[in-house]
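Student: based on what follows, work out the 3D shape:
(chains A and B)
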Protein chains: 2
Amino acid sequence: MRTFFYAHRRAVLAALLTSAAGAITLSRFPALAQGDPLPSWNDGKAKQSILDFVAAVTREGSPDFVPAPQRVATFDNDGTLWVEQPMYTQLAFALDRVKAMAPLHPEWKDNQPFKAVLEGDMKTLAESGERGLAELVMISHSGMTTAEFERIVKDWISTARHPRFKRPYTELVYQPMLEVLAYLRANGFKTFIVSGGGVEFMRPWSEQIYGVPPEQVVGSSIKTRFQMRQGIPELFRLPEVNFVDDGAGKPVGINEHIGRRPIAAFGNSDGDLQMLQWATKTGGRRFGLIVHHTDGEREYAYDRESHVGRLDKALDAAALNDWTVVSMKDDWKRIFAFN
Amino acid sequence: MRTFFYAHRRAVLAALLTSAAGAITLSRFPALAQGDPLPSWNDGKAKQSILDFVAAVTREGSPDFVPAPQRVATFDNDGTLWVEQPMYTQLAFALDRVKAMAPLHPEWKDNQPFKAVLEGDMKTLAESGERGLAELVMISHSGMTTAEFERIVKDWISTARHPRFKRPYTELVYQPMLEVLAYLRANGFKTFIVSGGGVEFMRPWSEQIYGVPPEQVVGSSIKTRFQMRQGIPELFRLPEVNFVDDGAGKPVGINEHIGRRPIAAFGNSDGDLQMLQWATKTGGRRFGLIVHHTDGEREYAYDRESHVGRLDKALDAAALNDWTVVSMKDDWKRIFAFN
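Tutor: Predicted coordinates for the structure are as follows:
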């Protein structure tokens, strides 16, 4: 299935969401373990590089010292903070949405690519190409208010299960990376998510799962339109791309939303290359990290040849730029909180 | 002059900037006065409404209680936090930029609207209309990297003087509003600027002047393009509108950047109407405030007929929606820190 989908990353990205408003539970982020702030990491070069960087930029009087307001760290989401195989979670969401909406669209059972989705015919779906996938995502992500979309995402994320792990997607977040997020925040960093995924798909749960509030989530988006409906102000989601936050779009999105250059960036694929360049190739001590998926047993193993989360140019760039490359198999004691 | 310009607010807005990166001084925001958190406000309904709202949403157990992460307050900038007469500061900047760039553009002395700017011919400039003003702003705000633009803004803002007050524009911020910003933050609010002005024109000084860090400034923007130039990553500013954060665009910008609905909003013109609706017309205790420019002696007096900062529909809406209307003349003990 993975080879069918996700040759179309850009089309899928060209999907993406937007919703807001609403009570999000205060993060109950686990306190740091006493002593070792990164207990799920094996000792080694990768772990040490994180500790060394944080020590250097936070020690007053150090030549590498960075004042707290400038300690901005950006994290890719898919494949960096949670599982992206066998398909981006957001596409799984889109396919489920199409199925849920089908009763209101009897015409879909005769029209591609909807017919293929409803029949579970992945081969035909893949043949619909970029245009077909983009249509699916647009249809499933627009046509409602931002508040309605937020409710839809929350309902889905609380019930959907990953096909291999049979668990909610929000449990498939990498425990070692949660520790890095918490460790950075404990050291005065502001942590941001900068994802090719839809911003409105992540915000409903990012605070609870990652400790990252909605205003620190940057992502792809579709356009919205303000309207007063019977005296009630609403934002209506339109089937039109607003911004694609991937590849060379990531520095653009970072600049637009954050307005500062990060001093640390974390990614896992070629879509993160420019973000890592933007964060690290400038004066002063900087930090770049790439999660390398090397553990087919506990998670997945893929890199240069993968259609989803391809890691090729960015892996070459890591060696040239002294970015930390994390081997999930060797550097992570455990992958998920549940194992 | 004011009647010449700023019939063209939208065109001017369609200007707007983008720059980032770089060390911004830690805010040295003045501590709150002991006892009275709003010492520059006269006692009265307006001041009391602010105190009552903050007390209600921060008192645990109150039916109006709002958890801290959801305490989002948004502030318009021009006319709400600083002077917008006789012309938006950003247009003064654009005109100065055209003059500074003129030696590199000898053709400008024969071409409108540049000729009019260089000759100080405001009448002809006004006749160039929306298109002419948009061209001026685009030309003066694009064609450089974001880092270069940030430097240009910083240089200008530190040397330019307001034509009437003969002081730097950053001294022409309203002391009573600075107190509101600080008071809200002291009560667990996150304060955001949401301005029709260019985001990259405000970020270089917003932290120092308002205590609002770059990542909490939302504004209009032009497009940028990422590029590697001789191994250095840069964002290049293009002469193309990205987003106009005014009127019905403000709720869109708030949703896109903040991802939560504010519970309090502060504005001064019809360009803020939809932001106030978005913030206040929803369940729970909410707060809207409009700064009414009623003090021609200490500042300016204008509302329904003004070409810049017109306050007409929003003034009518204030009465219907129970928004606080501040009379600068009656409610503010002093306007600026220097008087």
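Student: residue A:228: what secondary structure?
Tutor: Per DSSP: H, G, I helix; E, B strand; the rest coil, the secondary structure class of residue A:228 is strand.
Student: which residues sit in contact with the nearest residue to it once chain neighbours are set aside?
Tutor: For residue A:228, ignoring the flanking residues on the chain, the nearest one in space by Cβ to Cβ, 6 or more residues apart in numbering or on different chains is residue B:277 at 6.9 Å. In short, each C-beta sits where N, CA and C put it, glycine included. Residue B:277 makes contact with A:228, A:233, B:251, B:317, B:321, according to Cβ atoms under 8 Å, 6 or more residues apart in numbering or on different chains.
Student: one more time with 10 Å
Tutor: Residues in contact with residue B:277, defined by Cβ atoms under 10 Å, 6 or more residues apart in numbering or on different chains, are A:226, A:228, A:231-233, B:248, B:250-251, B:265, B:288, B:314, B:317, B:321, B:323.
Student: those in strands, which ones?
Tutor: A:226, A:228, A:232-233, B:265, B:288 (DSSP state E).
Student: check the burial of residue A:96 by counting its neighbours.
Tutor: 15 (other Cβ atoms under 10 Å in any protein chain shown).
Student: which residue is the nearest non-sequential neighbour of the spatially most central residue of chain A?
Tutor: For chain A, the residue sitting closest to the mean C-alpha position, by Cα atoms, centre = their mean, is residue A:77 at 2.1 Å. Excluding the flanking residues, the one nearest residue A:77 by Cβ to Cβ, 6+ apart is residue A:195, at 3.8 Å.
Student: same thing with residue A:297?
Tutor: In space, residue A:297 is closest to residue A:329, 7.9 Å off (Cβ to Cβ, 6+ apart).
Student: and if you look at residue A:259?
Tutor: Nearest one to residue A:259, counting by Cβ to Cβ, 6+ apart, is residue B:214 at 3.2 Å.
Student: correct me, but that neighbour touches residue B:200?
Tutor: Yes: counting by Cβ atoms under 10 Å, residue B:214 touches residue B:200, with 9.3 Å between them.
Student: which residue ranges form the helices in the stretch 101-250 of chain A?
Tutor: With helices called from DSSP state H, counting those that start in this stretch, the stretch 101-250 of chain A shows them at A:114-119, A:122-127, A:129-141, A:146-159, A:175-186, A:199-210, A:249-257.
Student: from the chain's centre, how far out does the fourth one sit?
Tutor: Here helix A:146-159 shows a centroid-to-chain-centroid distance of 17 Å under the convention Cα atoms, centre = their mean, to the nearest Å.
Student: and stretch A:280-293, by the same measure?
Tutor: Offset of stretch A:280-293 from its chain centre (Cα atoms, centre = their mean): 18 Å.
Student: name the residues of that stretch that are buried.
Tutor: Across stretch A:280-293, burial judged by 16 or more other Cβ atoms under 10 Å in any protein chain shown covers A:280-282, A:285-293.
Student: can I get the CA coordinates of stretch A:56-73 in CSV?
Tutor: Taking Å, rounded to 0.1, in the frame of the first residue of the first chain, the C-alpha atoms of stretch A:56-73 are listed here in CSV:
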residue,chain,number,x,y,z
ALA,A,56,26.4,25.0,25.8
VAL,A,57,23.6,27.3,24.8
THR,A,58,22.1,27.6,28.3
ARG,A,59,25.3,28.2,30.4
GLU,A,60,25.6,31.9,31.1
GLY,A,61,29.0,33.2,30.2
SER,A,62,29.5,30.4,27.7
PRO,A,63,30.6,31.7,24.2
ASP,A,64,27.7,29.7,22.9
PHE,A,65,25.1,31.1,25.3
VAL,A,66,21.7,32.0,23.7
PRO,A,67,19.2,34.0,25.7
ALA,A,68,16.0,32.1,26.5
PRO,A,69,13.6,34.1,24.1
GLN,A,70,15.8,33.0,21.2
ARG,A,71,15.8,29.3,22.1
VAL,A,72,13.4,28.2,19.4
ALA,A,73,13.4,24.5,18.4
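Student: wait, does that stretch make contact with chain B?
Tutor: Yes: Stretch A:56-73 comes into contact with chain B (Cβ under 10 Å from any Cβ of the partner chain), by way of A:66-70, A:72.
Student: list the buried residues for that stretch?
Tutor: Buried-residue list, stretch A:56-73, by 16+ other Cβ under 10 Å: A:57-58, A:66, A:69-73.
Student: do the same with stretch A:319-334
Tutor: For stretch A:319-334, by 16+ other Cβ under 10 Å, it's A:323-326, A:328-329, A:331-332.
Student: which of those fall within helices?
Tutor: Among the buried residues of stretch A:319-334, the members found in helices (DSSP state H) are A:328-329, A:331.
Student: I'd like those as JSON lines, with pLDDT and distance to residue B:88 appended.
Tutor: Converted to JSON lines, those look like this (pLDDT from 0 to 100; distance: Cβ to Cβ, whole Å):
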{"residue": "A:328", "pLDDT": "98", "distance to residue B:88": "52"}
{"residue": "A:329", "pLDDT": "98", "distance to residue B:88": "57"}
{"residue": "A:331", "pLDDT": "98", "distance to residue B:88": "53"}
